[in-house]
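Asker: After the sequence you'll find the predicted model.
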Amino acid sequence: MVSLRAAWKTDSHGHSGRGEGGRESYLASASGSQTDAHSGADEDSSSDEVDDEFLSVFTHGQRSASFAIDRPSSGGGAGGGGGRVFAGEAGRGGHVLVERKSLGPKDGQKGGQEKRISWDGLRSGQWGSTLFDGPTKTIPKRRSSPALPLRNKARRPPTELPRPPTPPLTIDSINSSFNPFPLFHIRWALLPEVILLDAALIVALYRLHSMVPSATYPSLIPLPITFLSLLAVLIPFISLFRRPTSYFKVPFTDERGYRDPKAADDGIAAALVLPVLLASACLWDTYTTPSPATSIGLDNIAPLVTVWTSSGLLPVPQTPATALLGTPLETARALLQARHQLVLLTALNSAVLVGHLILSRTFLRIERLPTSNTKRFFGSMTVSGMVSTGIYLTCVAWDWGVKDGLPISPFEAGMSTFIQQTSFYIVSRLCRRGFTVGELNTMTGAGNALCLEFWRLSRARWLFKRGYPSVPSTFRTPTPIVVFQSVLIPGAFMSGFLLSPLLVISRHIAQKPSHRLKWPTERERHRRLLAAGVFLGLGGIVFFMLGGWASWMLGWGGGLRRPWLWALSFFLSGGDGVTPAEGYRWKRVFLGLYWVGVLVVAVGGWQTKFVRARRIRMKNLAGPGCVATTTNMAGKEGPKVAVELAREEKSFHASLNMRRKFFHALALALFAPGIAVDPAFTSLAFSVAFSLFTFCEYARYFALYPVGAPLHIFFTEFVDSKDSGPVILSHFYLLTGCAGGLWLEGRGVNRFTGVLVLGVGDAMASIVGKLVGRVKWPGTSKTVEGTAAFVVSMLLCAWTLRLTGLTEDFSLPRYALATTLAGLLEANSDQNDNLTIPIFMWAMVSLLGV
C-alpha cells in the first residue's frame, strides 16, 4: 500500500506530457515516494514495455493506492523479467512505471467503447490530486468479466426452539436441578463469614435485651431491639443471595473506589455488623463494670471535670452537687448514657447505609450518573444533605410528639448521618482501591464518633464555664487523653486538607519530567521552598489552631503552649495530670527510652541486614538487561544475566510475609510492656503515633522534600495485595488494631486483645500455615493448621499474662471460645484482618463476659 504523487514524463516520441496526444505516466518507488523520470532507460521504456495496467483505489478515511503491472516475459526495462511486478518489488529505491487510469465511471460516454475524461474532472478530485492538468485523454475501455449470478441474500428468520415449560413449585419439583430464583445465586464462599458475624450480632442483641435498671444505673434508654433483630435477619439475604458479579457500592462511587471490585467478598456483612457490634460491646462493658463507684476507664489519669475544677474554670462556688461530678460513679453513669446513644446512632447509620445500597441499585445506578467527578461530588453532597435533613425533621417531629422526648439530639442525628454519608464518597475518592465496603464503613464510623466527641467536649466546656456544669457525654471516659486524641487524629486530617495546595504542587513537580516544567533548572529549589512552606504551615496549625483549642479545653485560656507543657509535665511527673506521682516518678521516661531503643535496634538492624549489607554488587550492571561478570568456584569469570542477579538479590531478602510479621512482632515488643506498666500514657502515645503516621503518608505520597523518597522506599517494602491503591494503609491498620484495646478502654485481659491478635495470633497463624499447613479451609488459601496455631498461641499468651499478674483473673474457657470465633473469622474473611479481627475479638471478649 503506497501513497502516490504524480510526476510528468515524456513519451518515446519525445512529446511532452503536457503536449497533444502525449502519454502521461509517473514513477512509484519502493520507499513509498515518487520521483520524476529523466532521460535514459526509464524514458525509452515508458510506453513499449507496459502491456496491461490496473489501479485499485481504496478509501478508509483517507486516499491510498495499490497497483501492479503485467510485463511480457522477454521484456527488459525497469521491472526486468516477465510476469506481474508490484510497485516497490525491486527493493527500496527501485522504480516501476505505471500508466494512469481513470476510476470515475460517470465521466465516460454511455454505451461507447472508450471513456473520455476531462482534466476539469481530474481537478475536482477523481484522482485525489490537484497536480494533474491537461487536455482530454482517450483511454481504451477494459473488458468486463461476465457477471456472476447473484445469490439470494434474503435470510430466513432463525427458528426459535420451544422453551420447556416451567415445572410447578411442588414437593416433587424441589430438587437440586430446579432453582425457583434463577436471577440469584447463593455465595457459598461467604457463608462462614456471614454466620460468624450474624451470630455475634445475635449475642449482642441478647445482651442488650437482658439489661435492666439497677441501683448503679437507675434509668436506661430504650434500645432499637426490633430494628437490630430485623437487621440480623436481613444480613444473610443481603450478603449471600446475589449474582456472582454483584459488588455493592454506595451511590456516586464506581469500581475505582474499592479494592478488587471483581472479588466476591465486598464486606457488606462486616459493614452492617461491626459498628453496631462494637457499640453494643462498649455499652455492655460499661454496664458490667464490677466497681464503677471506685474506678472507671483507664488507670492513673484524672477526669476532665477534675482538671477543669482544679484550674478554677467554674465561675460559681463549688457545691456538693458539683463536687460529685468528678467522682467515678457520675462518670460511669454519663458514660453509660453516651454509649446508649452510640448504639442508637450506629443503628441509624446502618439503616442509612442499607438505603444507600438500595439507591445505588435502583435510581442512582452508576450507569445513569454523570462521569464528571465534580458533578458526582455535588450530587453526593446533595443526596446526603436531603437524607440528613429528612432525618433531622423526623427526629424533631418525634421529639415534640413523644412525652419524654428522644434519647438523642435531632441535631446530632442529622449531623452524624451527614458526616457518615459524605465520608463514603470523599474517602473512596481520595483513597482509590484502598477499602472494601466493610472497611470503609468501619473507618468512617470511627471518624464519625471522633467528630461527635469533639462536638460534645466543646459544648460541655462552653456550658461549664457559664455555670452549667456537667460531665461531658463522650463515648469514652472524659479525660485529657481523649482531648488530645480529639486534637491529634482529626487535626492531622484537617492539616492535610488545609495544606493540600502546597502538597499537590509538590507531587506535580516531583512527578513531571524536567523538559515539561516551566523552569526545569529550578526544580530542586522549588521543592525545598514548598517543603519549607508545608512544615511552617504544619507548625502553625499544630501550635496555634489545634494547640489553641486544646488549651481552651484544658481550662487555660490564653497560653497557646499550655497543652504541650501539660503533656510534658504528664510525661515527666508520672502523675494523673493534676497531682504528681509519689512513687515510680520516672517510669514514663524509662518507658519512652525503651521504645526508642527497640525502634533503633529493629529498624537499624533491618536496614543493615537487608539493604546495606547486600553481597551482590549491582554496580557492574551498566544498564537493564546487560551482562555482568561473577566469579565461579573455579576462579574463572562467567556471564550472568541481570535476571539471575535479581533472583540472587531477592534471596537475601525475607519474603513479604516474613517482613510483615517481623513488624507484627515489633508491635508486640513495643506495646505489651506499655499496656502493662502505664495504659494511660501508652494510649496517648498511640494517638501521637497515629498522627505521625498520617504526616509520613502525606510526605510519601506527595513526594515532600527531603523525606518523601526514603519513606516511599521504606513503606513499599511491606505492601501486599490489600494495599492496591495509591495510599498505603497497612501501618494504619496495624497501629489501630494494636491500640483498639486501650482506645476502647477495655478491662483486664481485653486491653491486650489487639496486641495479642496481631503480634502473636496472626503472626503464628501465617508462619505455621505456610510452613506446615496442608488442609485448607474451603474456598480460601488459609489452612486449618494456621487457625489452630492462632488459637493455641493466643491462649498460651493470655494464660502467661494471668500467671505473671499483669492482668486480672478471667475465665479461660470463655476466652478460648472468643479466640476460636476470631480465628475462624480470620480464616474465612477477605477483609483486612489487621482492622476487623481485633475489633471482633474485643467485642466478643466483652460480650461473653470473659
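Answerer: Done, it's in. Residues are numbered from 1 along each chain as shown.

Asker: Can you name the element that comes right after the helix or strand harbouring His526?
Answerer: Using DSSP states H and E, His526 falls within helix 523-540. Counting by DSSP H and E, the next helix or strand C-terminal to helix 523-540 is helix 547-553.

Asker: Quick one: list the elements packing against that next one.
Answerer: Helices and strands touching helix 547-553, by 3 or more Cβ pairs under 8 Å, 6 or more residues apart in numbering; DSSP states H and E, are helix 437-465, helix 480-498, helix 562-573. No exception for glycine: its C-beta is placed from N, CA and C like everyone else's.

Asker: Flag every buried residue along that helix.
Answerer: Gly547, Gly548, Trp549, Ala550, Ser551, Trp552, Met553 (16 or more other Cβ atoms under 10 Å).

Asker: what's the distance between the second one and Leu554?
Answerer: Separation of Gly548 from Leu554 (Cβ to Cβ, to the nearest Å): 11 Å.

Asker: Select from the helices and strands packed on helix 547-553 the stretch with the lowest mean pLDDT.
Answerer: If you rank the helices and strands packed on helix 547-553 by mean pLDDT, helix 562-573 sits at the bottom with a mean of 83.

Asker: Who are the contact partners of Phe411?
Answerer: Tyr392 (Cβ atoms under 8 Å, 6 or more residues apart in numbering).

Asker: Which parts of the stretch 301-450 of the chain are helices?
Answerer: Using DSSP state H, counting those that start in this stretch, the helices of the stretch 301-450 of the chain run over 304-310, 320-323, 328-361, 373-401, 410-430, 437-465.

Asker: any idea which of the ones you listed is most buried?
Answerer: The highest average neighbour count among the helices of the stretch 301-450 of the chain, using mean count of other Cβ atoms under 10 Å, belongs to helix 304-310 at a mean of 22.

Asker: Run through who's touching that one.
Answerer: Here helix 304-310 has contacts from 314, 318, 322, 325-326, 331, 457, 461, 464, 469, 471-472, 478-480, 482-483, 553-555, 577-578, using Cβ under 8 Å, 6+ apart.

Asker: on that earlier part again, can you redo the helices and strands packed on helix 547-553 as CSV with distance to Ser384?
Answerer: Listed next are the helices and strands packed on helix 547-553 as CSV, based on distance: least, Cβ to Cβ, whole Å:
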stretch, distance to Ser384
helix 437-465, 12
helix 480-498, 18
helix 562-573, 34
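
Asker: how about the ones you listed, which one is nearest Lys722?
Answerer: Closest approach to Lys722 among the helices and strands packed on helix 547-553 (Cβ to Cβ): helix 437-465, 9.2 Å.

Asker: So which elements touch that closest one?
Answerer: helix 268-287, helix 304-310, helix 328-361, helix 410-430, helix 480-498, helix 547-553, helix 833-847.

Asker: which stretch among those helices comes nearest Trp519?
Answerer: Closest of these to Trp519 is helix 480-498, at 26.4 Å (criterion: Cβ to Cβ).

Asker: helices or strands next to the closest one in the packing?
Answerer: Checking 3+ Cβ pairs under 8 Å, 6+ apart, helix 480-498 ends up next to helix 304-310, helix 437-465, helix 523-540, helix 547-553, helix 562-573, helix 679-701.

Asker: nearest to Ser781, of those?
Answerer: Closest of the helices and strands packed on helix 480-498 to Ser781 is helix 437-465, at 19.2 Å (criterion: Cβ to Cβ).

Asker: what's the first-to-last distance across stretch 514-534?
Answerer: Stretch 514-534 has an end-to-end distance of 23 Å (Cα to Cα, to the nearest Å).

Asker: for stretch 466-474, same thing?
Answerer: Termini of stretch 466-474 sit 20 Å apart (Cα to Cα).

Asker: Let me see the residues that make contact with that stretch.
Answerer: Here stretch 466-474 has contacts from 303-305, 314-316, 322, 325, 330-331, 334-335, 337-338, 341, 453, 456-457, 460-461, 463-464, 478, 482, using Cβ under 8 Å, 6+ apart.

Asker: what's the offset of it from the middle of its chain?
Answerer: 40 Å (Cα atoms, centre = their mean, to the nearest Å).

Asker: cool, and stretch 371-382?
Answerer: With Cα atoms, centre = their mean, you get 19 Å for stretch 371-382.

Asker: got it, and stretch 225-235?
Answerer: Remark: stretch 225-235 is offset 30 Å from the chain centroid, using Cα atoms, centre = their mean.

Asker: And for that stretch, what's in contact with it?
Answerer: Residues outside stretch 225-235 that contact it (Cβ under 8 Å, 6+ apart) are 194, 197-198, 201-202, 204-205, 208-209, 269, 272-273, 276, 347, 350-351, 354.

Asker: let's see it at 10 Å
Answerer: By Cβ atoms under 10 Å, 6 or more residues apart in numbering, the surrounding residues in contact with stretch 225-235 are 194, 197-202, 204-206, 208-209, 224, 238, 268-269, 271-273, 276, 280, 343-344, 346-348, 350-351, 354.

Asker: Any of those buried? List them.
Answerer: Here, 16+ other Cβ under 10 Å leaves 194, 197-198, 200-201, 204-205, 208, 224, 238, 268-269, 271-273, 276, 280, 343-344, 346-348, 350-351, 354 buried among the contacts of stretch 225-235.

Asker: hang on, the earlier thing: now tabulate the helices of the stretch 301-450 of the chain in JSON lines and tack on distance to Phe493.
Answerer: As requested, the helices of the stretch 301-450 of the chain are exported to JSON lines (distance: least, Cβ to Cβ, whole Å):
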{"stretch": "helix 304-310", "distance to Phe493": "23"}
{"stretch": "helix 320-323", "distance to Phe493": "36"}
{"stretch": "helix 328-361", "distance to Phe493": "19"}
{"stretch": "helix 373-401", "distance to Phe493": "18"}
{"stretch": "helix 410-430", "distance to Phe493": "10"}
{"stretch": "helix 437-465", "distance to Phe493": "8"}
